[in-house]
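Asker: structure here, sequence nowhere to be found:
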C-alpha cells in the first residue's frame, strides 16, 4: 500500500515564508500573489498522496488578474465579497494542482 506524507523541512519552510513575507511587504501588497504562489508551490510539491507527488502549476501572473478582480469586488461590495475570497483562492489552488 502506498503511503501519504509530507516531506518538507523546517529550514526550507522558514526561508520560503520569509521570502513570501518580504515580497509582500516590500511591494506594499502588490506582490501578494507571488508570495501566495511561492508558499503554495512549496507546500504542494512536498506532499505525497498514495505514493504520488503533487505538483502545482499555478503562476503569480495568472493569480494576479484574479487578485485584482477579487479586490475590486471586495471594495464594491463594501467588504462582503471578502467572505468568498478564501473559497475562491482554494478553488484556484485546486485547479492548478496535479499529480506528477
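Answerer: Perfect, thanks for sending it. Note that this is a predicted model, so its numbers are computed, not measured. Numbering: from 1, shown residues only.
Asker: C-alpha from now on. contacts and neighbour counts both.
Answerer: Noted.
Asker: quick check: residue 31 touching residue 19?
Answerer: No. Using Cα atoms under 8 Å as the test, residue 31 is too far from residue 19 to be in contact (11.2 Å).
Asker: what pLDDT does residue 100 get?
Answerer: At residue 100, the model reports a pLDDT of 82.
Asker: now do the contacts for it.
Answerer: 52-55 (Cα atoms under 8 Å, 6 or more residues apart in numbering).
Asker: next one, pLDDT for residue 1 please.
Answerer: The confidence metric pLDDT takes the value 73 at residue 1.
Asker: an error on my part: the question was meant for residue 61.
Answerer: 96.
Asker: measure how far stretch 6-16 is from the centre of its chain, please.
Answerer: In terms of Cα atoms, centre = their mean, to the nearest Å, the centre of stretch 6-16 is set 15 Å apart from its chain centre.
Asker: revised request: answer the last question for stretch 11-28.
Answerer: Per Cα atoms, centre = their mean, the centroid offset for stretch 11-28 relative to its chain is 13 Å.
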